[in-house]
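Undergrad: Got a sequence here, can you build the structure:
(2 chains)
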Amino acid sequence: MLPGGAAPRPRLQVAVPLEWGHRPGPGALRAARWRPAARPRGPCSSQRRLRAPGRGRSSPSACPRGGAPVSPPLTCCPVPRQPLVPEPRPGLASPRPVPASCAGHRGFAVPAGSRCPAMPSNKSVSDAPIVQFTNCRILRDHQLQREDLWVREGKILNPEKLFFDEKGSADVQLDCKDSIIAPGFIDVQINGGFGVDFSLATDDFKSGIDLVSQKILSHGVTSFCPTLVTSPSSVYHQVLPQISVRNGGTHGAGILGAHLEGPFISKEKKGAHPEHCLRTFEAGAFQDLLATYGSLDCVQIVTLAPEMRRSSEVIRELTKRGICVSLGHSVANLSQAEEAVQHGATFITHLFNAMLPFHHRDPGIVGLLTSDRIPAGRKVFYGMISDGIHTNPAALRIAHRAHPKGLVLVTDAMAGMGLAPGRHTLGQQVVEIDGLNTYIAGTKTLSGSVATMDTCVRHFQEATGCAVETALEAASLHPAQLLGIEHKKGTLNYDSDADFLMLNDSLYVQATYIAGEEVWRQDVSGM
Amino acid sequence: MKLIILENYSQASEWAAKYIRNRIVQFGPGPGRFFTLGLPTGSTPLGCYRKLVEYYRNGDLSFKYVKTFNMDEYVGLPRDHPESYHSFMWNNFFKHIDISPENVHILDGNAPDLQAECDAFEEKIKAAGGIELFVGGIGPDGHIAFNEPGSSLVSRTRVKTLAMDTILANARFFDGDLSKVPTMALTVGVGTVMDAREVMILITGAHKAFALYKAIEDGVNHMWTVSAFQQHPNTVFVCDEDATLELKVKTVKYFKGLMLVHNKLVEPLYSMKEMEAERSQSKKPYSD
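TA: Below you'll find the predicted structure:
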């Protein structure tokens, strides 16, 4: 009996094999090809519509709870429905279907029209459907372990607690075909993509950010920080109010907050940033910064050059407000950088790029990787664009070996990412794309990248020869640690957000999940 | 008793798993007809559990209509502690099979009233109709479950303080730190296990050899509580060669000679798939 004396709800056990890379022939239309479709909006939030082979099933009936008609609903409906058990497909080399663990049906041919006896749900904590991802290797405790992943209400569930405390079990079992399940990637430096430029204050800025957040799901990014390069103050005042921290979902990746790269950076290391927009905060320190940006409400990271006067005050103020301060586009020496870290800076924007090169008598910002003057208990993270262009693989390896736990993979992607080669805008400038290279139009100065996060992860793994776990953590766990959100993002620990990816052994993303819902799946090619 | 002597640990585990499988399949569990199984913990039954999980994965065995009763649990150890017997059973067995959580019974070492918890456990066993097959192991001091030397041979489920031998043997699971090993445990009594319709004891390894000798070649003695099963009508001892090191050559030769007969218990190996097929076939009035 549920608390409150309500009668136990019948709970259906259904197995849903996930298939990709395998398209059944035309004769197999009757074959079970399951795909949990997008949730229909309706009062019954736990209904799922599954495309079932036509088997003379009764016509779609209205949900007794008054939701939109669905055929057939699954779980949580008080009225037991026909179970959906995959029929055996004769004559086809079909992948092994995961049998439903319904009473008596386990692994056996089910007579058509049979009914799954209603199983009382004894889930005393919640009635939400529980999904169990089986036949997979999950990244947990820094290792790929052969374990099942359990998800309920958008969070990773502890199955042992479910079993012993709630006496519950899975409602749906999904066979992941031996894929790798890793936490969703977090991109903390992305300037735009697919023709959208976050530093351009256009009328349809909101739809632009929505487009990018939608498209990067296919790269495995489940959360990101839209980045603005050095821009006139008016741009910040117009754009920042339009960026809001929000959860991801089928509409796109979650937004963690803006990354403001500039304008308080060094003239000598401006890179592709427009010189006329550079500023200092000599006069009013933090007030100057606030006046420039307008509002810091949805700002997560600020990149500045620590050698600028009064930077310590600014860094302290920003850190006090929970904003991550990053050092970049700077000619600071090591002691200036260390001082900035002592005041609260925790990140280095694209290591090696736009800073003084490593020198053995003054390592500059790069020296932070092995500095002994980092306050105890703190770690310095550093972003690296591992697209093979912004950093030579050897330099990538040196950084990785010097400080492997601080490496954060970023794309620094700009508007041209995802677009064909040609000219595009980045902030106030025009850039040219050719292949994986992007330059300020007419020069040889690199500006942003068109790499995608999954390409960066693969390239990083290849270039350093590191373990798959290390490469995946550099794009998920480390950015989460940098932003102080590793209790809910960046891992597959119990009770953290169920944002995860299914990847094959070569680290190609097959499917993306946010809050336990599939938001993107690799299209099966061939038909 | 039947003394089954196999060559090594994996063969002994496999034989035991096959036996359990045959017993469950031949029992024919179904809705309202549950097979009640008593289960042990420790390193000895791990191989057997692995085999059973394999049979489940092949579809030859289902635990849908199996009720399990574990023998023991530490007192005072948090339920999700990696060394608690709840965690052990979950990680090594339950999470890999299709058993229903309502059918799993493990003593709760954190219950507010320990004796009441033990009494309730006895009631649950009774309510389930008694235990069909109780699988157990043996301690180096000859104990069954945590019925340490000196336990009454007609005892029921209760709280027991662990003997030094047992604490030493279990220290390896707690980083070798004796102070971390719990000193008390809830355990089924010798009498509780004797009430089962059949008992199977797994004994592997040379360190258990003396205990096995005391259990089957010496008299019934409350200092070696497994010896109580000499008075049970249906006991099976499954062991490997190393565990027989302290037995008389005569005993070992006799039982090895009986292996031909005893192997009939595991060959033919029955499977739930075939049982289902048979049952659906037998519904046909005519054969074409």
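Undergrad: C-alpha only now, for contacts and for neighbours.
TA: Noted.
Undergrad: Please state the offset of stretch B:126-135 from the chain centre?
TA: Distance of stretch B:126-135 from the chain centroid (C-alpha atoms, centre = their mean, to the nearest Å) equals 12 Å.
Undergrad: same check, this time on stretch A:447-462
TA: 14 Å.
Undergrad: swap in stretch A:148-155?
TA: Computed by C-alpha atoms, centre = their mean, the chain-centroid distance of stretch A:148-155 equals 16 Å.
Undergrad: where's the residue in the stretch 151-288 of chain B positioned nearest to chain A, which helix or strand?
TA: Residue nearest to chain A within the stretch 151-288 of chain B (C-alpha to the nearest C-alpha): residue B:273, separated by 7.2 Å. Element membership for residue B:273, per DSSP states H and E: helix B:272-281.
Undergrad: rewinding a little: I'd say the residue of the stretch 151-288 of chain B closest to chain A and residue B:59 touch.
TA: Yes - using C-alpha atoms under 8 Å, residue B:273 is in contact with residue B:59, at 6.6 Å.
Undergrad: Next to chain A, which bits of the stretch 1-150 of chain B? Give me the list.
TA: Counting by C-alpha under 8 Å from any C-alpha of the partner chain, the positions of the stretch 1-150 of chain B adjacent to chain A are B:30, B:59, B:62, B:64, B:80, B:87, B:90, B:95, B:98, B:100-102.
Undergrad: I'd like to know which of those residues are part of helices.
TA: B:87, B:90 (DSSP state H).
Undergrad: Most neighbours out of the residues of the stretch 1-150 of chain B next to chain A, which is it?
TA: When neighbours are counted by other C-alpha atoms under 10 Å in any protein chain shown, residue B:62 leads the residues of the stretch 1-150 of chain B next to chain A with 28 neighbours.
Undergrad: list the contacts for it?
TA: Going by C-alpha atoms under 8 Å, 6 or more residues apart in numbering or on different chains, residue B:62 touches A:106, B:56, B:97-99, B:272.
Undergrad: what do you get if the cut-off is 6 Å, keeping everything else the same?
TA: Residue B:62 sits next to residue B:56 when contact means C-alpha atoms under 6 Å, 6 or more residues apart in numbering or on different chains.
Undergrad: now the nearest residue to the residue of the stretch 151-288 of chain B closest to chain A once chain neighbours are set aside: how far from residue A:179?
TA: The shortest distance from residue B:273 to any non-neighbouring residue, by C-alpha to C-alpha, 6 or more residues apart in numbering or on different chains, is to residue B:60 (5.7 Å). According to C-alpha to C-alpha, to the nearest Å, residue B:60 stands 26 Å off from residue A:179.
Undergrad: Low-confidence stretches in chain B?
TA: B:283-288 (pLDDT under 70).
Undergrad: May I ask which helix or strand encompasses the residue nearest the centre of it?
TA: Closest residue to the average C-alpha location of chain B: residue B:135 at 2.0 Å, with C-alpha atoms, centre = their mean. According to DSSP H and E, residue B:135 maps onto strand B:133-136.
Undergrad: next one: residue B:42
TA: Here residue B:42, judged by DSSP H and E, is contained in no helix and no strand.
Undergrad: okay, now it: neighbour count?
TA: Residue B:42, neighbours per other C-alpha under 10 Å, totals 15.
Undergrad: Contacts only, for it.
TA: Contacts of residue B:42 by C-alpha under 6 Å, 6+ apart: none found.
Undergrad: Distance of residue A:367 relative to chain B?
TA: Distance of residue A:367 to chain B, given as C-alpha to the nearest C-alpha, to the nearest Å: 40 Å.
Undergrad: How many neighbouring residues does that residue have?
TA: By the criterion of other C-alpha under 10 Å, residue A:367 has 21 neighbours.
Undergrad: So for it, what's the nearest residue that isn't a sequence neighbour?
TA: Nearest to residue A:367 is residue A:334, by C-alpha to C-alpha, 6+ apart, at 6.1 Å.
Undergrad: these two touch, right, that neighbour and residue A:364?
TA: Yes - proximity of residue A:334 to residue A:364 meets the contact threshold set by C-alpha atoms under 6 Å, at 4.1 Å.
Undergrad: Kindly report the residues of chain A close to chain B.
TA: A:163, A:167 (C-alpha under 6 Å from any C-alpha of the partner chain).
Undergrad: pLDDT weak spots in chain A?
TA: Judged by pLDDT under 70, chain A has its weakly predicted residues at A:1-124, A:426-427, A:525-527.
Undergrad: Nearest to chain B: which residue in it?
TA: For chain A, the residue closest to chain B is residue A:167, as judged by C-alpha to the nearest C-alpha, at 4.8 Å.
Undergrad: ok so, going back, neighbour count: residue A:334 and residue A:364, which is higher?
TA: Set side by side, residue A:334 and residue A:364 show more neighbours around residue A:364, with 23 against 20, by other C-alpha under 10 Å.
Undergrad: What separation do you get for residue B:225 and residue B:20?
TA: On the measure of C-alpha to C-alpha, residue B:225 and residue B:20 end up 23 Å apart.
Undergrad: Same question for residue B:251.
TA: In this view, residue B:251 and residue B:20 are 25 Å apart by C-alpha to C-alpha.
Undergrad: Among the two, which residue is more densely surrounded?
TA: Using other C-alpha under 10 Å as the criterion, residue B:251 and residue B:20 rank with residue B:20 on top: 21 against 14.
Undergrad: Keeping just the C-alphas, turn the helix or strand containing the more buried one into PDB.
TA: According to DSSP H and E, residue B:20 maps onto helix B:9-27. Output of helix B:9-27 as PDB, limited to C-alpha atoms (Å, rounded to 0.1, in the frame of the first residue of the first chain):
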ATOM      1  CA  TYR B   9      36.600 -24.300  -6.600                       C
ATOM      2  CA  SER B  10      35.000 -23.500  -9.900                       C
ATOM      3  CA  GLN B  11      33.800 -27.000 -10.500                       C
ATOM      4  CA  ALA B  12      32.400 -27.100  -7.000                       C
ATOM      5  CA  SER B  13      30.600 -23.800  -7.600                       C
ATOM      6  CA  GLU B  14      29.300 -25.000 -10.900                       C
ATOM      7  CA  TRP B  15      27.900 -28.200  -9.400                       C
ATOM      8  CA  ALA B  16      26.200 -26.300  -6.600                       C
ATOM      9  CA  ALA B  17      24.700 -23.900  -9.100                       C
ATOM     10  CA  LYS B  18      23.500 -26.700 -11.300                       C
ATOM     11  CA  TYR B  19      21.900 -28.400  -8.300                       C
ATOM     12  CA  ILE B  20      20.100 -25.200  -7.300                       C
ATOM     13  CA  ARG B  21      19.000 -24.700 -10.900                       C
ATOM     14  CA  ASN B  22      17.600 -28.200 -11.200                       C
ATOM     15  CA  ARG B  23      15.800 -27.900  -7.900                       C
ATOM     16  CA  ILE B  24      14.200 -24.600  -8.800                       C
ATOM     17  CA  VAL B  25      13.200 -25.700 -12.300                       C
ATOM     18  CA  GLN B  26      11.900 -29.100 -11.200                       C
ATOM     19  CA  PHE B  27       9.900 -27.400  -8.400                       C
END
